[in-house]
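**Student:** Build me a model from this:
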Amino acid sequence: MVQGDEGSFTAWAVARQHALMRTAYLLTGDWQRAEGLLQDALTKVAVRWNRLANGQPEAYARIILARDSISWWRRVGREVMVEAPPEPQATNDTVASERRMLVSAALNHLTAKQRAILVLRFYEDQSVLQTAQALGIGEGTVKSQTHAAPARLRSHAPELADLLEEVG
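**Tutor:** Numbering: from 1, shown residues only. Predicted coordinates for the structure are as follows:
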């Protein structure tokens, strides 16, 4: 990386790190693994910064996050259930925070690919084609998993039925 490019990369990384961290957490369900995933993604973006600076570095970073998250699951060779979030305290919890915790716990029941597809389709608001390209899979797989993942969530988290009606 050229000296002047280092400053532009650093400025971009500082500005986008929180949004990318949210995506990494949604993909992994674990803050520590999300931090490692984000660090690896930022390193890969930095190496290619000369080509990405005038393009779409954030889109490239999100593709890396999704693909590396799935690769991690493949290397492990099995699903690992992450620790459930703590129970909400009875003090001033809002409906939104309770729902967020329920969704987080429910996402732990999905496969890595299903989770990545839902994050890209509904959190990142990407089309079927964009999601398929980002993950290197067919559009049919994206469509079928977009249908199968909410069904799996319904069976593990019936209390989210009203939210899942919006998804499909």
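**Student:** just for the chain, where's the confidence low?
**Tutor:** Low-confidence segments of the chain (pLDDT under 70): 1-4, 73, 75-95, 162-168.
**Student:** so what's Ser8 up against?
**Tutor:** 49, 53 (C-beta atoms under 8 Å, 6 or more residues apart in numbering). Where you see a C-beta, it was placed from the backbone N, CA and C, and this is true even at glycine.
**Student:** switch to 6 Å and redo it
**Tutor:** Counting by C-beta atoms under 6 Å, 6 or more residues apart in numbering, Ser8 touches Ala53.
**Student:** for Leu52, same thing?
**Tutor:** Shown in contact with Leu52 (C-beta under 6 Å, 6+ apart): Tyr60.
**Student:** What's the separation between the residue most central in space within the chain and Leu38?
**Tutor:** For the chain, the residue nearest the mean C-alpha position is Leu27 (3.1 Å; C-alpha atoms, centre = their mean). Counting by C-beta to C-beta, to the nearest Å, the gap from Leu27 to Leu38 is 10 Å.
**Student:** that older thread, ok, and the closest non-adjacent residue to the residue nearest to the centre of the chain?
**Tutor:** In space, and not counting its chain neighbours, Leu27 is closest to Ser69: 4.2 Å by C-beta to C-beta, 6 or more residues apart in numbering.
**Student:** Count the neighbours of that neighbour for me.
**Tutor:** Residues lying near Ser69 (other C-beta atoms under 10 Å) number 25.
**Student:** same thing with Gly140?
**Tutor:** Per other C-beta under 10 Å, the neighbour tally for Gly140 reads 10.
**Student:** Now it: which helix or strand?
**Tutor:** helix 139-156 (DSSP states H and E).
**Student:** other SSEs contacting that helix?
**Tutor:** Under the contact definition 3 or more C-beta pairs under 6 Å, 6 or more residues apart in numbering; DSSP states H and E, helix 139-156 sits against helix 112-118, helix 128-135, helix 161-167.
**Student:** show me the contacts for Leu102.
**Tutor:** The contact partners of Leu102, by C-beta under 6 Å, 6+ apart, come to Leu160.
**Student:** mind checking how far it is from Leu20?
**Tutor:** Per C-beta to C-beta, Leu102 is found 24 Å from Leu20.
**Student:** Now do the helices in the chain.
**Tutor:** Taking DSSP state H as the test, the helices found in the chain are 3-28, 31-47, 49-52, 57-76, 95-107, 112-118, 128-135, 139-156, 161-167.
**Student:** hmm, back to that, quick one, the helix holding Gly140 and helix 128-135 angle?
**Tutor:** Angle between the axes of helix 139-156 and helix 128-135 is 90 degrees (criterion: axes from the mean of the first three to the mean of the last three C-alpha atoms, to 10 degrees).
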